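Asks: Here is my input; please provide its structure:
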Amino acid sequence: MKLLEEAGGALEGIFSEMAGIGRMHPCDCISGEFGLGRDELKRCCITGIGPERSEVGMELALRCSEAGEKLLIIDMTGDYTGLVSYIPSLRVYRAGRNFQANPFSASRRGFPELIAASVQAVLKTTRTERFYLERALLLSLSQGEERPKPSDLLERLLQIEAEAHPRQGLSIDSVRNVLWELQAFDRLIPQEVRPPALIDLSKASSIRVGRLAAIDLFLNLGSLDLTGVVIDPADRIFAHDAPEELSEALEASADELARRGALLIIAVSTNSLVPRWITDTLTSEIVCTTVSHGNRQAPERRTQAPCACGSNFGQEPLLIVSRYSDAMQPVRIRRTGFKPVGDEEIEMHMRSLGEDFKMHIEVEKKATLLEKIFADKAMHQTAKELMAMIRGGRVPVDAVSKQRSGTLKRVAKMLSRHFLIIEFADGNGINWYRLTKAGERALDEEECENESEVRV
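Replies: Okay, the predicted model is just below:
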């Protein structure tokens with residue numbers, strides 16, 4: 001096997017003895033260094049479970065950086081911040097701390113269809129709910145809001161509801177609840193991303209918010225000056241069940257990276273979690289596994305011939321590197337010993353790069369249960385008033401069902417769906433609403449919240 005100095009186009013340092021991620025296990029048939037050329041990393045997949053996969057991803061990112069690559073690392077694990085101790089030029093942007101993009105902006109790729117499709121992939125909305133989200137986005141744009149936030153879209157939904165058929169009320173309410181879950185995007189923190197950069201999405205308010213931000217980043221890479229992208233875990237972006245339009249757009253973004261000659265290195269627990277258009281076009285795969293004592297061959301994969309070795313391996317983690325043009329080879333992991341870093345260390349690191357760095361840490365008021373169910377303030381207030389009347393035993397079921405107000409009927413349905421109110425019949429056969437124990441707690445929570453506001 002050629003040394004890296006002799007291998008044309010090889011990334012200096014990758015898998016080399018001096019600075020490599022690993023070294024082939026000496027035995028009767030193989031020994032020495034293992035090199036991957038740059039072309040073999042253009043679409044590379046790291047598979048494995050646990051922190052070892054992240055270690056391998058960081059090692060590979062470090063070697064690429066040492067070779068002069070300008071990487072954008074989309075990290076949803078929070079593990080990759082340890083790279084700042086080894087890559088002095090790496091800028092770190094932490095979601096909700098010093099970075100928060102707006103995925104609803106009209107400038108984003110595929111507005112509004114791809115934005116609604118991304119929300120559908122992350123929050124499992126229906127086609128009808130997606131339709132109303134698209135309408136809200138277009139209505140915002142027509143009213144001069146080119147960068148609408150979730151709170152703005154909630155207002156647009158009120159306008160749409162006023163013209164919609166009452167039967168569509170539940171679908172519109174569902175869209176409201178979806179936007180409520182995404183209200184972290186109301187806090188925009190403008191920040192120009194300049195590779196080499198690490199986007200740490202582990203600090204997002206929820207996994208769903210982090211996923212939507214990651215999809216938005218990957219769809220809008222065109223303006224960034226980069227030579228490679230690292231994603232861990234990749235299945236949060238490239239999901240099997242994504243809408244067809246979104247899947248095609250993600251594939252187009254990946255193909256655009258390839259045309260630019262940029263690397264795409266993804267990490268995932270198993271490659272069965274990502275679509276076929278990725279697995280069928282991989283140029284290399286690194287499998288994190290353990291070869292037990294006495295195991296004389298690497299696991300088979302597809303048509304690759306196993307590497308049969310005459311010596312016994314001790315119980316130690318190994319890499320199985322598949323080049324798709326050669327047999328799998330076992331490689332020892334070279335551990336750099338990355339350590340996680342905190343906000344203060346990242347702040348010092350960013351200031352050393354001349355960044356005007358400011359941590360935006362907001363103490364958010366804990367939302368009540370009714371606020372979580374009813375994102376719209378008017379419906380939230382209606383729910384409180386209705387539950388207060390039900391507590392007094394003054395609301396028959398017929399009185400609500402015969403109301404012309406669609407809002408009141410939808411509120412009652414939502415409260416029933418969340419088992420906050422139930423129906424019961426009295427001795428005269430009249431059906432009444434009654435609060436459940438959960439409903440009593442929810443109303444008490446609202447009253448306590450109101451008392452605290454008055455005290456303030």
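Asks: just the helices in this protein please.
Replies: 51-66, 113-123, 127-142, 150-163, 169-181, 207-219, 244-259, 276-279, 343-352, 369-373, 377-391, 397-401, 406-417, 437-455 (DSSP state H).
Asks: Which one, of the ones you listed, ends up nearest to residue 102?
Replies: Among the helices of the chain, helix 207-219 comes nearest to residue 102, with 8.6 Å by CB to CB. No exception for glycine: its C-beta is placed from N, CA and C like everyone else's.
Asks: Helix 113-123 and that closest one, what's the angle between them?
Replies: Between helix 207-219 and helix 113-123, the angle comes out at 150 degrees (axes from the mean of the first three to the mean of the last three CA atoms, to 10 degrees).
Asks: helices or strands next to helix 207-219 in the packing?
Replies: Other helices and strands packing on helix 207-219, by 3 or more CB pairs under 8 Å, 6 or more residues apart in numbering; DSSP states H and E, are strand 71-75, helix 113-123, strand 228-232, helix 244-259.
Asks: Give the rounded mean pLDDT of stretch 287-294.
Replies: Taken as a whole, stretch 287-294 has a mean pLDDT of 58.
Asks: same question but for stretch 176-195, I mixed them up
Replies: 83.
Asks: okay, that stretch in CSV with CA atoms only?
Replies: This file holds the C-alpha atoms of stretch 176-195, laid out as CSV (Å, rounded to 0.1, in the frame of the first residue of the first chain):
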residue,chain,number,x,y,z
ARG,A,176,-51.1,26.7,15.8
ASN,A,177,-49.8,24.1,18.2
VAL,A,178,-47.0,23.2,15.7
LEU,A,179,-46.0,26.9,15.6
TRP,A,180,-46.1,27.1,19.3
GLU,A,181,-43.6,24.2,19.5
LEU,A,182,-41.3,26.2,17.2
GLN,A,183,-41.5,29.5,19.0
ALA,A,184,-37.8,29.3,19.8
PHE,A,185,-37.3,30.8,16.4
ASP,A,186,-39.0,34.0,17.6
ARG,A,187,-35.6,34.8,19.2
LEU,A,188,-33.5,35.6,16.2
ILE,A,189,-29.8,36.0,16.8
PRO,A,190,-28.3,37.2,13.6
GLN,A,191,-24.8,35.8,13.0
GLU,A,192,-22.8,35.4,9.9
VAL,A,193,-21.5,31.9,9.7
ARG,A,194,-17.9,31.8,8.4
PRO,A,195,-16.3,28.4,7.9
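Asks: Against residue 396, how distant is the residue located most distally from the centre of the chain?
Replies: In the chain, residue 428 marks the outermost C-alpha relative to the chain mean, sitting 54.7 Å out by CA atoms, centre = their mean. To residue 396, residue 428 is 11 Å away according to CB to CB, to the nearest Å.
Asks: got any ranges where this protein has weak pLDDT?
Replies: Scanning the chain with the threshold set as pLDDT under 70 gives 1-36, 290-334, 357-366, 449-456.
Asks: picking up where we left off before, can I get the helices and strands packed on helix 207-219 in CSV including distance to residue 177?
Replies: Formatted as CSV, the helices and strands packed on helix 207-219 follow (distance: least, CB to CB, whole Å):
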stretch, distance to residue 177
strand 71-75, 27
helix 113-123, 9
strand 228-232, 29
helix 244-259, 21
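Asks: got CSV for the ones you listed, with distance to residue 337 and mean neighbour count too?
Replies: Formatted as CSV, the helices and strands packed on helix 207-219 follow (distance: least, CB to CB, whole Å; neighbours: other CB atoms under 10 Å):
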stretch, distance to residue 337, mean neighbour count
strand 71-75, 18, 25
helix 113-123, 35, 23
strand 228-232, 19, 24
helix 244-259, 31, 16
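Asks: what's the closest of those to residue 181?
Replies: Closest approach to residue 181 among the helices and strands packed on helix 207-219 (CB to CB): helix 113-123, 6.7 Å.
Asks: what angle do the closest one and helix 127-142 make?
Replies: 140 degrees.
Asks: Between helix 169-181 and helix 113-123, find me the angle.
Replies: With the same axes, to 10 degrees defining the directions, helix 113-123 sits at 80 degrees from helix 169-181.
Asks: what does helix 113-123 rub up against?
Replies: Here helix 113-123 makes contact (CB atoms under 8 Å, 6 or more residues apart in numbering) with 103-104, 108, 110, 125, 127, 129-131, 133-134, 137, 178, 181-182, 208, 211-212, 215-216, 219, 239, 241-243, 245-246, 249.
Asks: Can you go through these and name the buried ones?
Replies: 103-104, 108, 110, 125, 129-130, 133-134, 137, 178, 181-182, 208, 211-212, 215-216, 219, 239, 242-243, 245-246, 249 (16 or more other CB atoms under 10 Å).
Asks: can you give me phi and psi for the residue farthest from the centre of the chain?
Replies: Torsion angles at residue 428 (phi, psi; degrees, to the nearest 10) stand at phi -90, psi 0.
Asks: just residue 404 next, same as before
Replies: The phi/psi pair for residue 404 (degrees, to the nearest 10) reads phi -80, psi -20.
Asks: now it: how far from residue 166?
Replies: With distances taken as CB to CB, residue 404 is found 10 Å from residue 166.
Asks: Look at the two and report which has more neighbours.
Replies: More crowded of residue 404 and residue 166, by other CB atoms under 10 Å: residue 166, with 13 against 7.
Asks: Hmm, the more buried one is touching residue 405, no?
Replies: No. With contact defined as CB atoms under 8 Å, residue 166 does not reach residue 405; the gap is 9.6 Å.
Asks: tell me, what's touching these two both at once?
Replies: With CB under 8 Å, 6+ apart, residue 166 and residue 405 have no common neighbours.
Asks: mind checking how far residue 130 is from residue 204?
Replies: For residue 130, the distance to residue 204 - CB to CB - is 22 Å.
Asks: What is the burial count for residue 352?
Replies: Neighbour tally, residue 352, other CB under 10 Å: 11.
Asks: what do you get for residue 193?
Replies: 18.
Asks: And residue 214, by the same measure?
Replies: 25.
Asks: any idea how this protein splits into domains?
Replies: Here the domain parsing of the chain from automatic domain parsing is 113-186, 369-455.
Asks: tell me the most buried of these?
Replies: domain 113-186 (a mean of 19; mean count of other CB atoms under 10 Å).
Asks: Verify the stated contact: residue 335 with residue 56.
Replies: No. At 9.9 Å, residue 335 does not count as touching residue 56 under the criterion of CB under 8 Å.
Asks: Residue 273 is nearest to which of the helices and strands packed on helix 207-219?
Replies: Residue 273 sits nearest to strand 228-232 of all these, at 12.5 Å, using CB to CB.
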